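**Student:** coords please:
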Amino acid sequence: MQNKLLVYQVLPRLFGNRNQTRKEFGSIAENGCGKFSSFTLDRLKRLSAQGFSHIWYTGVLRHATQTDYSDFNIPQQHADVVKGKAGSPYAVADYYDVDPDLADDVLCRMQEWEALINRTHTAGLKVIMDFVPNHVAREYQSIAKPAGIHDLGEEDDVSKHFSVLNNFYYCWGKPLNLENIVKHSSYVEQPAKATGNDCFNATPQRNDWYETIKLNYGVDYCDAGGCSEHFSPMPRTWMMMLDILLFWASKGIDAFRCDMAEMVPEAFWQYAISAVKQRFPHIVFIGEVYNPSLYRLYLQSGFDYLYDKVGMYDCLRSVVRGECDATAITKVWQATDDIHTHMLYFLENHDEQRVASDFFAHDGQRALPAATVALLLRTNPFMLYFGQEYGERGMDKEGFSGIDGRTTIFDYWALDTLQRAQAIPQRLTSAELQLQECYEKLLRIAAEEEVIQEGEFFDLMYANFNRNDFDVHTEYAFIRHTKYDKLLVAVNFASEDKLTGVFLPAHAFDCCQLQECNVKACDLMTNVMVELQLRRDTALYVNIPAFGMCILKFSV
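**Tutor:** Numbering: from 1, shown residues only. Sure thing, here's the model as predicted:
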């Protein structure tokens, strides 16, 4: 029955790491590293049993790192153009290779990744991997490309700032100047290539993506007219990137999460996604697009799902923090109502601050109402970031990342909460165990209840304004319904328990096929049975715990 994607995002580098040293700026030898083999069949089956349909293995592609693998004929990267000891997974050094950090046997790293793909499928999960199309590591060099494939930049005319035949942009013959990042750097790049975040000069700043270089898809960003498009003849980069997509699709993966998709022209996506789906119709494309005005354009180009970051994520974060009213949720879903099935909701990912961090909510429990909304509001996908279910705080000083409320993607590290949960679950605190239990219940509801998987949605907020027994600032309520089954969901973002009157307008009875009657309802979070008196234009009174939810299932 499961049609709703429930995605578990995980950073393999950290997931299975049992080393407890946690030395700031520590090397892989000092701090350790998780492996492909850390994802045992048993662990994957547990994730499937929790309700997840997909797992996104973040950072599988070989990327720039300060760890030396030259003994394995892997080019050593210059430290001045690597962020952190481990390096960013989004500074890809070889599109056709996988990260040697994750292999038990470096020489067999591809076979170990293929084995994990098969193991994941055996566990009943589908595999998502990154496709990073906008930029690569400054010292990109493929050592694993198939025979007959040219390397990126290999045929570029470096005397030209822009050419439709070039893979990169070149900064008017000037050498790269890293003085804003590293004093007296010995790294040489002549001429400088444009930096990945659309920095088209030879002197990137510290906050630029200076460890990456931007790929050229036929857009001249610096011409007199500004951003002119040159798609005929087809840019060489298009065909090379399609080859990369087809290479990984042939390995048996199920979906690509496409990094910074909006920084690549939608014309390329239309070409590439169509070509991939002709050969692999099952492949799903998930795009990281932040500009809501571009959502429909990128969906039309072939994407199946898009991040709803500047929208539902930002809204729910603000409601959790008390910066806006719960009524804002209605306005947000209305803005994408025509495309709601394509919007991926989340509260955490590798780019965002942890819910339990001091920069967000201080406590993972406070975001459970938001998680309930994100999981149960519609039939669209939901993503959970590993450790979120235990209240991982992201407040470690790991090295390059620093104390920023995020789990590092740049350093070798281990997560205390995850280590305790996986090795000795009894060492989890009562609060962590309670949070885990709530997430597991919510995930099972989302995965197993037909009314969530396929049902319609009815927002009750418009009927509950100006009522003394319903606080629209901190409470949100809606109905999910099929012909027979109904789910009344009410959440409480406040720090105190509430006896809430949820007003059911006559229009809800008509739209949701409700009948005026007394029914027995089960609270799916507590399994407690309650009796409801369903009457038109009358309030139902329900108890909602602080930072909690009431999810009542009944049939008529």
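**Student:** my guess is residue 131 meets residue 264, correct?
**Tutor:** No. Using Cβ atoms under 8 Å as the test, residue 131 is too far from residue 264 to be in contact (10.1 Å). (Each C-beta comes from the backbone N, C-alpha and C, glycine too.)
**Student:** what touches both of the two?
**Tutor:** A shared contact of residue 131 and residue 264, defined by Cβ atoms under 8 Å, 6 or more residues apart in numbering, is any residue touching both; here there are none.
**Student:** Excluding chain neighbours, what is closest to the residue minimising distance to the centre of the chain?
**Tutor:** The centroid of the chain falls nearest to residue 349 when counting by Cα atoms, centre = their mean (4.8 Å). Among residues not flanking residue 349 along the chain, residue 385 sits closest, at 5.2 Å (Cβ to Cβ, 6 or more residues apart in numbering).
**Student:** same check, this time on residue 195
**Tutor:** Leaving out its chain neighbours, the residue that sits closest to residue 195 by Cβ to Cβ, 6+ apart is residue 204, at 4.6 Å.
**Student:** Could you give the bridge partners of the residue nearest to residue 349?
**Tutor:** As for beta bridges, residue 385 partners with residue 9 under DSSP bridges.
**Student:** Just name the shakiest helix or strand of the chain by mean pLDDT.
**Tutor:** The least trusted helix or strand in the chain, going by mean pLDDT, DSSP states H and E, turns out to be helix 416-423, with a mean of 92.
**Student:** Show me what it is packed up against.
**Tutor:** With contacts taken as 3 or more Cβ pairs under 8 Å, 6 or more residues apart in numbering; DSSP states H and E, helix 416-423 sits against helix 430-448.
**Student:** which strands and helices sit next to the helix it packs on?
**Tutor:** Packing partners of helix 430-448 (3+ Cβ pairs under 8 Å, 6+ apart): strand 6-10, helix 368-376, strand 382-385, helix 416-423, helix 450-453.
**Student:** From residue 163, how far off is the residue nearest to residue 195?
**Tutor:** Taking Cβ to Cβ, to the nearest Å as the measure, residue 204 falls 22 Å from residue 163.
**Student:** go on, residue 501?
**Tutor:** Residue 501 is 67 Å from residue 163, by Cβ to Cβ.
**Student:** Same check on residue 75?
**Tutor:** Distance from residue 75 to residue 163, counting by Cβ to Cβ: 26 Å.
**Student:** okay, the closest residue to residue 548 other than its chain neighbours: pLDDT?
**Tutor:** Closest residue to residue 548 in three dimensions, ignoring its sequence neighbours and counting by Cβ to Cβ, 6+ apart: residue 492, at 5.6 Å. Predicted confidence (pLDDT) for residue 492: 98.
**Student:** can you tell me which residues contact residue 492?
**Tutor:** Residue 492 makes contact with 369, 474, 475, 498, 500, 544, 545, 546, 547, 548, 549 under the criterion Cβ under 8 Å, 6+ apart.
**Student:** correct me, but the fourth one touches residue 543?
**Tutor:** Right, residue 498. Yes. Applying Cβ under 8 Å as the test, residue 498 and residue 543 come out as touching, 7.3 Å apart.
**Student:** Compare the two (neighbour count), which wins?
**Tutor:** Legend: neighbour count by other Cβ atoms under 10 Å for residue 498 and residue 543, higher for residue 498 (20 against 16).
**Student:** any chance you could map the helices in the chain?
**Tutor:** 12-15, 28-31, 41-49, 109-122, 236-249, 266-279, 295-300, 314-320, 328-335, 368-376, 416-423, 430-448, 450-453, 506-511 (DSSP state H).
**Student:** So what touches the least confident helix or strand of the chain?
**Tutor:** Judged by Cβ under 8 Å, 6+ apart, the contacts made with helix 416-423 from elsewhere in the structure are 14-18, 20, 43, 386-387, 390-393, 427-428, 432, 436.
**Student:** what number of residues lie near residue 186?
**Tutor:** Other residues near residue 186 come to 9 when the count uses other Cβ under 10 Å.
**Student:** Which residues are in contact with it?
**Tutor:** If you count contacts by Cβ under 8 Å, 6+ apart, residue 186 has them with 78, 80.
**Student:** Tell me how far it lies from residue 78.
**Tutor:** Residue 186 is 8 Å from residue 78, by Cβ to Cβ.
**Student:** Ok, residue 495 next?
**Tutor:** Taking Cβ to Cβ as the criterion, residue 495 is separated from residue 78 by 51 Å.
**Student:** Residue 339 now?
**Tutor:** 43 Å.
**Student:** before we move on, what about residue 126?
**Tutor:** As defined by Cβ to Cβ, residue 126 lies at a distance of 37 Å from residue 78.
**Student:** residues touching residue 435, list them.
**Tutor:** Residue 435 neighbours (Cβ under 8 Å, 6+ apart): 364, 365, 368, 389, 390, 391.
**Student:** Can you lay out the residues you listed as JSON lines showing neighbour count and distance to residue 532?
**Tutor:** Listed next are the contacts of residue 435 as JSON lines, based on neighbours: other Cβ atoms under 10 Å; distance: Cβ to Cβ, whole Å:
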{"residue": "364", "neighbour count": "31", "distance to residue 532": "31"}
{"residue": "365", "neighbour count": "19", "distance to residue 532": "27"}
{"residue": "368", "neighbour count": "27", "distance to residue 532": "23"}
{"residue": "389", "neighbour count": "24", "distance to residue 532": "31"}
{"residue": "390", "neighbour count": "24", "distance to residue 532": "34"}
{"residue": "391", "neighbour count": "25", "distance to residue 532": "33"}
